[in-house]
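Novice: quick check, what structure comes out for this input:
(one chain, ligands or ions: 1)
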Amino acid sequence: MDIEKLEQMYEGKAKKVFRTNDPDLCWIEYKDDATAFDGKKKGTIGNKGILNNRISAHFFNLLESKGVQTHFVKQVNDREQIVRAVKIIMVEVVVRNIAAGSLSKRIGLPEGTMLPRSVLEFYYKDDALGDPLINDYHIQALDLATPEQIKVMSETALKVNEILRDYLRDKKIDLIDFKLEFGVYKGEVILADEISPDTCRFWDIETKEKLDKDRFRRDLGNVEEAYREVLKRLTGETI
Ligand code: UDP
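Specialist: Coordinates of the predicted model:
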């Protein structure tokens with residue numbers, strides 16, 4: 001059966017989600033829109049939708065090849081991919097290898113400080129509350145996930161970290177930190193959302209140049225060029 005794109009179900013900050021003629025599948029469109037600081041800073045990054053669609057598809061394929069279950073099914077064109085229709089767990093899972101961003105602010109470790117052990121964090125996905133940092137007790141208090149689901153998310157996030165860190169080191173990129181989202185599909189917790197320079201911090205291994213959304217957040221310039229550089233290092237492709 002050919003998969004058909006039907007009506008839009010939802011529009012997020014970086015992607016639109018459409019229903020398809022298969023209730024188990026959704027159709028995702030990656031947009032050029034960029035937001036930061038809980039949506040207070042808004043803009044666009046040229047060709048971001050195309051770049052992140054490709055980068056995300058590449059990472060999902062890599063993870064699937066290493067035994068990580070993801071929502072990714074296939075890339076259909078420049079900006080669109082088909083994914084499994086999951087029910088998103090309202091928890092953002094962050095893994096950190098080097099201190100940066102909100103961790104540096106919160107606990108005072110200067111940006112760039114190597115963490116002796118990877119740090120795993122949970123945030124409550126709630127715009128009105130500003131995505132607060134929570135722990136597994138809060139997750140259960142809010143009934144966001146069961147203890148078993150928290151265990152799967154934690155173990156998967158740490159496994160994804162090992163896979164991506166090793167892979168990116170070969171591409172001369174340091175994986176500073178990243179955010180994952182998970183969803184429930186036919187009773188199983190699988191990796192969802194996207195993995196891209198919007199959701200990860202990537203630094204050039206030699207120069208420490210930022211190749212991610214911090215260029216947009218901090219007005220560093222050459223934002224699109226940085227995303228292009230990531231795609232080029234991962235796949236050799238230029239768009
Ligand atoms: N992140 C994200 N979405 C968010 C918050 C964070 O993708 O809503 C990513 C961010 O790009 C970084 C990591 O999660 O790779 C850790 O972000 P941090 O907590 O330092 O927050 P930020 O400095 O981005 O506010």
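Novice: from here on, contacts and neighbour counts on C-alpha atoms
Specialist: Will do.
Novice: tell me the SS of the spatially most central residue of the chain?
Specialist: For the chain, the residue nearest the mean C-alpha position is Ile195 (3.4 Å; Cα atoms, centre = their mean). The three-state label given to Ile195 by DSSP: H, G, I helix; E, B strand; the rest coil is coil.
Novice: for it, grab phi and psi.
Specialist: The phi and psi values for Ile195, taken as degrees, to the nearest 10, are phi -130, psi 110.
Novice: what does Thr238 give?
Specialist: Here Thr238 shows phi and psi, under degrees, to the nearest 10, equal to phi -120, psi 150.
Novice: and it, how many residues sit next to it?
Specialist: Applying other Cα atoms under 10 Å, we find 11 residues neighbouring Thr238.
Novice: quick one: it from Ile55, how far?
Specialist: To Ile55, Thr238 is 12 Å away according to Cα to Cα, to the nearest Å.
Novice: over to Arg96?
Specialist: Distance from Arg96 to Ile55, by Cα to Cα: 20 Å.
Novice: look up which residues are beta-bridged to Lys87.
Specialist: Beta-bridge pairing for Lys87 (DSSP bridges): Val184.
Novice: read off the pLDDT value for it.
Specialist: On pLDDT, Lys87 comes in at 98.
Novice: which helix is the longest one in the protein?
Specialist: Using DSSP state H, we find that the single longest helix of the chain is helix 147-170.
Novice: and that one, average pLDDT?
Specialist: On average, helix 147-170 scores 98.
Novice: can you give me the buried ones in it?
Specialist: 149-150, 153-154, 156-161, 163-165, 167-168 (16 or more other Cα atoms under 10 Å).
Novice: can I get that helix in CSV? Just the C-alpha atoms.
Specialist: Provided in CSV are the C-alpha atoms of helix 147-170 (Å, rounded to 0.1, in the frame of the first residue of the first chain):
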residue,chain,number,x,y,z
PRO,A,147,9.4,3.0,36.5
GLU,A,148,10.0,0.4,33.7
GLN,A,149,9.6,3.1,31.0
ILE,A,150,12.0,5.4,32.9
LYS,A,151,14.6,2.5,33.0
VAL,A,152,14.2,2.0,29.2
MET,A,153,14.6,5.7,28.5
SER,A,154,17.7,6.0,30.7
GLU,A,155,19.4,2.9,29.4
THR,A,156,18.6,3.8,25.8
ALA,A,157,19.8,7.4,26.2
LEU,A,158,23.2,6.2,27.6
LYS,A,159,23.5,3.6,24.8
VAL,A,160,22.7,6.3,22.2
ASN,A,161,25.4,8.5,23.8
GLU,A,162,28.1,5.8,23.4
ILE,A,163,27.1,5.1,19.8
LEU,A,164,27.0,8.8,18.7
ARG,A,165,30.0,9.8,20.7
ASP,A,166,32.2,7.2,19.1
TYR,A,167,30.7,7.8,15.6
LEU,A,168,31.2,11.6,15.9
ARG,A,169,34.7,11.3,17.2
ASP,A,170,35.7,9.8,13.8
